[in-house]
Structures are given as structure tokens and as C-alpha cells.
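Participant: Have a look; sequence and predicted model below, questions after that.
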Number of protein chains: 2
Amino acid sequence: MADRAPTLHDVASAAGASKTSVSRYFGDERERLSAALQERIATAAEQLGFSPNRMARGLKGGHSRLIGMLVADIRNPFSVAVMHGVEQACRQHGYSLMLCNTDNDPAQERAHLEMLNAYRVEGLVINPTGSRQPALDAQNIPTVLLDRRLDHARADVVGLDNRLAIEMALDHLAAQGYREVFYLSEPAARVSSREQRLASFRHGLAPRGLHGEVHCQAPDCADESLKAALSAFIQRPAAAPKAVLCANGNMTLAATRAFHALAIRPGATGLMGIDELDWCGLVEPGITTLAQPTAAIGHSAVACLLKRLADPARAIDDIQHSPTLMARGSTAASTPFQSPPAPSPGR
Amino acid sequence: MADRAPTLHDVASAAGASKTSVSRYFGDERERLSAALQERIATAAEQLGFSPNRMARGLKGGHSRLIGMLVADIRNPFSVAVMHGVEQACRQHGYSLMLCNTDNDPAQERAHLEMLNAYRVEGLVINPTGSRQPALDAQNIPTVLLDRRLDHARADVVGLDNRLAIEMALDHLAAQGYREVFYLSEPAARVSSREQRLASFRHGLAPRGLHGEVHCQAPDCADESLKAALSAFIQRPAAAPKAVLCANGNMTLAATRAFHALAIRPGATGLMGIDELDWCGLVEPGITTLAQPTAAIGHSAVACLLKRLADPARAIDDIQHSPTLMARGSTAASTPFQSPPAPSPGR
DNA sequence: GGCTAGGATGGGAACGTTACCATTCTACCT
DNA sequence: AGGTAGAATGGTAACGTTCCCATCCTAGCC
């Protein structure tokens, strides 16, 4: 049992070759070596169980082959799905991912950023959710922002086409006959995606003859305020059906819990949200969502990052993806009970 | 804008100190330096924006301060929750996490293991789900296995007390008046946790006067076979109520979808599963689960790993955690409709 | 036949740190 | 006063790679 991992040098002397040749073999210059030498090195390396030390390689060569990713909330299924795409794309391009979860805590975010910098990651994919003062200014690391833009940072942005999403949602609600819309969001200040969605909501009402009401709150705070607000909205007399529109998955979960606690069945009062979740087809009568193309978002984030790595000076990208409508029973005002036609579309 | 990150040497000359002193300052020997020197170094480092290069540090010192984690399915909420705990614990102990997702693919698993080895991670936390031939043999890296043990690997194991979990489930089902239990699992062969749960199920039936039936299938295969089997089970005449017991979260989701497709309301036919999920309180009438203490599992995995790092020769640990029963309407046979008393317990 | 082109290989000097040993200086003891 | 302990600091050799340059050899050319 080796007490120390074998080194390039060990392989070299075992194969009767020079360090340089072994280095070439494991680098991308293998074909420059004669067949005989390749053979000898391969055998020796195999026998010793050699694997090149990435740390040393990174030190000398200056590139770590590492990409760092910062996620605000690792338990958010949307983040996880995007992460999955990012990881796949990294691997496809020969990079490895160092993943960090900040739990929405700026202090942790700062600490993680420092640590990623210490490992000399070549690029950063950051998905901030909580409002914060990014410590990005000092860093010179190419960065792609996920879902949220930062005013003072010169960085590419990849995310959802928020205006389009809200317009699709309003179109759908209007088409289903709803006229009063209760918009439910986490506090929007300083979070660009929330701001964009909220603004689009406000602008999109009048053209469709809709009335709106906005309610912002943290999803994890006591549910009482949400229940109270929702209850007031629903009880208020109105000529046409009402609906609740949730700005993201967290709020959809909160709203569904509130509906449940108030014993309101979605449908007659509409319920719809951005972000597709496992259970949206399962809660009666199925909850309508706008699914984000998470894999595509993850992949294009990495693609974008690699483009910037290749050309640091190029213009800033802002890639906006389109959502997909998953219409279900919760927005079927006219048909009070509708058995879902097909099993819920899985991923 | 610095074209190159500042080095120890830069700081040293800026502060009029030696490399050694600066190294001591950023290592753990800061107090050995005079106050004046500390001050000068701090100022210089601050001004240059210096952050020690972890790669170089790891190279020289021999420790990377890195822990690698392999997850079989990053989209499984259970894995994510454990991962969250692992990451927290790592950070608390000054380690950083390199996370890899294998998507249940042995080839990817092998590749990731190789890469983690190349970065010279000091320890490994592995959560394999699919059956596989681990490439661990060659590695000399201290490893903790999550949820599943490997016969040929000398490694600690951390997971659920599977026997206890199944007994709690059977006790609960029996107490609620169910007599026939349909056990739903992913294929158990070669996956120790599934095997243990299945065996415990078989052994636990008779003492409680229960009858059982076992159905194994992959959760992602066409739902038809599951629906058919479930439908047959339910239609079979019996004197006492029947229940379905799901071996993990994936199967709970599959079973819930099947119930939904067959238009069966859980309760009269019981439904229960291992693993607590976001939506279990939301699907009518609430789905009873056995929640795993995911944070505790993650933390104790890291604790276990660090203990082995400190003393590689110590005896192998096998830490089994106890689940918590979350009783809900889906196992209330006697009360056909029961409004859930409290909002669903969050994680 | 001497010269060169170019392919194959090897020898060192980095990369940014840490570990070890050496040096200097002050203060205290006998 | 001479000696020494110990604190404060500096110099230098690694760590395992890659990169640049040198060397060797074979073959082809005039």
C-alpha cells in the first residue's frame, strides 16, 4: 500500500524515461512520443497507479480547470436543476465544478467567494437570490450571473425572459376568464428578476383588462400574514373570477399551503406559478405552472462563461430563455371539476 | 487591474518582510510575529488584495483541505438535504467540498473519482444509489459511505436505521388497522439499504399479523406496470384494509402518481413512505412519511470522516440514525375524511 | 560528404507556497 | 562579564508539475 501517491518522477524512472516525456504523455502531446516510449510509460503508470497531481499542474500551468458555482439556496429545486445542467456542461468541457451553497447569507457568500478565489477557479457561475453587496468587485474572475443581474458588476447574465413569462401567465389567466389577479412574490427590492417580473405584471394588466393586487413577503415567515391577505382578496366581492399568480416556486409552495389551510380548492379561484415542481401535477386539481428550461439555462451559462474565458473583452451577454406553459386544473375556472387528462409531465 | 494575482513574494517585498513571515501570518502562526510586523503585512496584503494560493499551499503542505462528495442523483431531495448537511459540516471544519453528480452512471462515477483523486481530496463522502462496481479499491482515500454499504470496501457507513424504520412503519400501519401491505421498492439487488429494508419488511410481517406483497421496479420506467400491479392489489378482495408502503421518496412519488391516475384517494387504501418531501402535507389527505434526519446524517458523515483522517487505523463505524414518523391522513383508515390539524411541518 | 531540417528525448528552471534551519538580538542568570 | 535561553525574523530547499531550451539522432539535400 503506497504511503505516498506516485509522482511523475516515479513513473519516469520506472519507465526509463524523462519527466518531460511522461509529462507530455499525460498532457496533450502524447502523439509526439514514439510508440515504444508511449507503451513503456503506459505500463509503468498503470502499474504504479499514477494519476497526475492537479494541484501541481495548476500551479505551474496557471489554470486550475476548476469552475466555481455559488447557489443561494441549494434546497430550491430550481437551483438544483440548473446546477445539474451546469455540472454536465462543465464536465463536457473538461472542467470540474466546485459548488457552494450560501443559504442566502451574504457572509457565507463572501467567505465562499474568497475560498473559490484561493483555489484559483477559472470562472464563476453565481446564482444569488437574497439581496446583497457582492464582493465581486475586487475579483477579476470571469463571472456569469444566473437569474439575477448586478448593477455594478461587469458580467454576463443568463436567465428567464421574465417579461415574456409574466405576459404568458397573464395571457393564460385572461383566456381562462380570470379578471382579478393577486400577485405573490418574495420582496422584490434589489433582486432584478423579481423586480422585472413585478414590473411586467404591473404593465401587463391594463392591456388585458385585468385588475391586480401585489403582495410581497418572505416565504418562510409565519404564514398568517399570507393567509390573511389571501383570505381578504378572495372574500372581496367581484364580478369575475379571481386568480393568484406566484412569482416563483417558493411562493407557489407557500400559496398552495395557504389554499390548503384555508380549505380553498384551486380552480374556481385560480392558482398559477412560475417554476415547475414535482408535485404540481399531484395536488388537486393540478397546479398550472410556467416551467423554466433549467437544463438549457445551465448549459448556456457555462457556454457563456467559456466564451468569455476565450475572449475576456467581448460585449456582455444577456441570454433570456423562454418558459413553457404547463396548463392544469388550477386555472380552469369554467370547468369546476376536471380530471387531469394525462399523467403529469415529468422531467 | 492586476494581470496576475499577487503572490506571497509581492506582499513580502511590499511590507519589507520575508516570505517566511508572510507565510506565517497567513498560516496559523500569526501570533509569533511582532505587532509591528503583523500590522505592516496586513496593510500590504490588504492593499494588494492578496489571497494565498491554495494550490501551491496544497502542493507544498500535502493537504488540499478538500473533501469530495459523490451523489448518485442530485435531483433527489434526500440527497440534496444530506449534501446540505455535509457542506455545512465541512465548512465548519475548514474544508471545502467538491461535489459531483453521477446521474446513476458507473462510468461517470469512475471518472469523477479519478478527478477527485487528481485534486488530492483528503476524504470522500459517497452516496451511491445505482448498483455498481466501485473503483474505490485502488484509492487510498478515507471514505464514508452514505446510506449504502459496499462489501469489499473498508469504509465507514452512515445512514438510516433501516430495520427500525421498517418496524416503525409496520407498527404504524398495523395500529391504524391495515392488514395487507404492498411494499414498493426500487430493485433491491446489490443496494444494501434497499436489501435491508426489504428483508426487514419480510421479517416484520408475521409478528404483527400482517400479510405482505412485494413489488420492485425502477421509478422512471413506464408507469403502466406499477399501475397494473397496484390496481390488482387493491381490487383483490380482503377482510381488512390494505396499505401501500414505499421504500423511498422516489417510490412515494411514483405511488402517489399511480393513486392519482387510478383516482384512488389515499386513506381507505393506506399510503406511506420513507423520506419526507415538500408536498407530502399538500396532497390530499396528507401523505404519511418517515422523515430521515438529513442534517444529522450529513454532519455525522463528516464527523466520521474527520475521525478517520485523524486515526486511519480505527475500527469501522456504522452509524444508524432514527427516522421520525410524520403521521397524516393517508394512513387514517378509520376516519375517511380528516382535515389536517396543522399546517404541514416544514423541514 | 558535410550540412541542415526536423523529429524524438532529456535537463533544468520556474510556479507559490511551507518546513526546516540559521541568524540576530534582547534579557536574564550565575 | 560571559554565557545562554528564547523570541523574532530571514534564507533556502523542497512539493509535483510544465515550459523552454538543449541535445541527440536520422534522413535528405546540394
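Facilitator: Arrived safely, thanks for sending.
Participant: contacting residues for A:I126?
Facilitator: The contact partners of A:I126, by Cβ atoms under 8 Å, 6 or more residues apart in numbering or on different chains, come to A:69-70, A:136, A:143-146. Yep, even glycine has a C-beta here, placed from its N, CA and C like the rest.
Participant: and if we set it to 10 Å?
Facilitator: A:68-72, A:100, A:102, A:109, A:112-113, A:116, A:134, A:136, A:143-148, A:150, A:153, A:155, A:301 (Cβ atoms under 10 Å, 6 or more residues apart in numbering or on different chains).
Participant: Touching, A:C246 and A:L173? I think so.
Facilitator: No - shown here, A:C246 and A:L173 do not form a contact pair, counting by Cβ atoms under 10 Å, at 11.9 Å.
Participant: Could you tell me which residues touch both of those two?
Facilitator: Common neighbours of A:C246 and A:L173 (Cβ under 10 Å, 6+ apart) are A:M272.
Participant: so of the contacts of A:I126, which ones are in strands?
Facilitator: A:68-71, A:100, A:143-146 (DSSP state E).
Participant: Highest neighbour count among those?
Facilitator: A:M69 (29 neighbours; other Cβ atoms under 10 Å in any protein chain shown).
Participant: Look up how far DNA strand C lies from the residue lying closest to A:I74 once chain neighbours are set aside.
Facilitator: Among residues not flanking A:I74 along the chain, A:N101 sits closest, at 3.9 Å (Cβ to Cβ, 6 or more residues apart in numbering or on different chains). Separation of A:N101 from DNA strand C (Cβ to the nearest atom of the strand, to the nearest Å): 26 Å.
Participant: Quick check: A:N101 touching B:L99?
Facilitator: Yes - using Cβ under 10 Å, A:N101 makes contact with B:L99 at a distance of 9.4 Å.
Participant: Give me the common contacts of the two.
Facilitator: With Cβ under 10 Å, 6+ apart as the test, A:N101 and B:L99 both reach A:69, A:74, A:83, B:83, B:87.
Participant: And these, which is the shakiest by pLDDT?
Facilitator: Scanning the shared contacts of A:N101 and B:L99 for pLDDT, the low point is A:I74. It has 86.
Participant: For that residue, what are phi and psi?
Facilitator: phi -70, psi -10 (degrees, to the nearest 10).
Participant: In this structure A:A199 contacts A:S185, no?
Facilitator: No - between A:A199 and A:S185 there is no contact, the gap being 11.2 Å when judged by Cβ under 10 Å.
Participant: neighbour count winner among the two?
Facilitator: A:S185 (23 against 14).
Participant: In contact with the more buried one, which residues?
Facilitator: With Cβ under 10 Å, 6+ apart, A:S185 has these contacts: A:191, A:194-195, A:197-198, A:201, A:214-217, A:219, A:245-248, A:250-251, A:274.
Participant: phi, psi of it?
Facilitator: phi -140, psi 160.
Participant: beta partners for it?
Facilitator: A:C216 (DSSP bridges).
Participant: so where's chain A shaky on pLDDT?
Facilitator: Low-confidence segments of chain A, defined by pLDDT under 70: A:1-3, A:129-139, A:152, A:221-223, A:334-347.
Participant: so where do the helices sit in it?
Facilitator: A:8-15, A:19-26, A:35-48, A:54-61, A:77-92, A:106-118, A:162-175, A:192-205, A:224-235, A:249-261, A:294-310 (DSSP state H).
Participant: Pipe the ones you listed into JSON lines and attach distance to B:R257 per row.
Facilitator: Output for the helices of chain A, formatted as JSON lines (distance: least, Cβ to Cβ, whole Å):
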{"stretch": "helix A:8-15", "distance to B:R257": "53"}
{"stretch": "helix A:19-26", "distance to B:R257": "48"}
{"stretch": "helix A:35-48", "distance to B:R257": "48"}
{"stretch": "helix A:54-61", "distance to B:R257": "43"}
{"stretch": "helix A:77-92", "distance to B:R257": "17"}
{"stretch": "helix A:106-118", "distance to B:R257": "37"}
{"stretch": "helix A:162-175", "distance to B:R257": "24"}
{"stretch": "helix A:192-205", "distance to B:R257": "30"}
{"stretch": "helix A:224-235", "distance to B:R257": "28"}
{"stretch": "helix A:249-261", "distance to B:R257": "17"}
{"stretch": "helix A:294-310", "distance to B:R257": "21"}
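Participant: so which of the ones you listed comes closest to A:A332?
Facilitator: helix A:162-175 (10.8 Å; Cβ to Cβ).
Participant: Taking their axis directions, that closest one and helix A:192-205 sit at what angle?
Facilitator: If you take axes from the mean of the first three to the mean of the last three Cα atoms, to 10 degrees, helix A:162-175 sits at 40 degrees to helix A:192-205.
Participant: Off-centre distance for helix A:162-175?
Facilitator: Offset of helix A:162-175 from its chain centre (Cα atoms, centre = their mean, to the nearest Å): 21 Å.
Participant: Buried ones in it, by neighbour count?
Facilitator: For helix A:162-175, a neighbour-count test (16 or more other Cβ atoms under 10 Å in any protein chain shown) marks A:162-163, A:165-170, A:172-174 as buried.
Participant: Nearest to DNA strand D among these?
Facilitator: A:N162 (42.4 Å; Cβ to the nearest atom of the strand).
Participant: can you pull the contacts of the closest one?
Facilitator: Here A:N162 is in contact with A:147, A:192-201, A:247, A:274, A:320, A:323 (Cβ under 10 Å, 6+ apart).
Participant: and stretch A:67-74, how far out from the chain's middle?
Facilitator: That offset, for stretch A:67-74, works out to 9 Å (Cα atoms, centre = their mean).
Participant: can I get the CA coordinates of that stretch in PDB?
Facilitator: C-alpha atoms of stretch A:67-74 as PDB (Å, rounded to 0.1, in the frame of the first residue of the first chain):
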ATOM      1  CA  ILE A  67     -15.200  26.400 -12.200                       C
ATOM      2  CA  GLY A  68     -16.900  27.700  -9.100                       C
ATOM      3  CA  MET A  69     -20.600  27.900  -8.600                       C
ATOM      4  CA  LEU A  70     -22.500  29.800  -5.900                       C
ATOM      5  CA  VAL A  71     -26.100  28.900  -5.100                       C
ATOM      6  CA  ALA A  72     -28.200  30.900  -2.800                       C
ATOM      7  CA  ASP A  73     -30.400  28.000  -1.700                       C
ATOM      8  CA  ILE A  74     -29.400  24.500  -2.500                       C
END
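Participant: got the end-to-end distance for stretch A:266-276?
Facilitator: 17 Å (Cα to Cα, to the nearest Å).
Participant: Tell me how far the residue nearest to A:A247 when sequence neighbours are not counted lies from A:A327.
Facilitator: Counting by Cβ to Cβ, 6+ apart, the nearest residue to A:A247 once its immediate chain neighbours are dropped is A:S185, at 3.7 Å. According to Cβ to Cβ, to the nearest Å, A:S185 and A:A327 sit 22 Å apart.
Participant: what's the answer for A:R91, then?
Facilitator: Distance from A:R91 to A:A327, by Cβ to Cβ: 35 Å.
Participant: With A:P207 instead?
Facilitator: In terms of Cβ to Cβ, A:P207 sits 21 Å off from A:A327.
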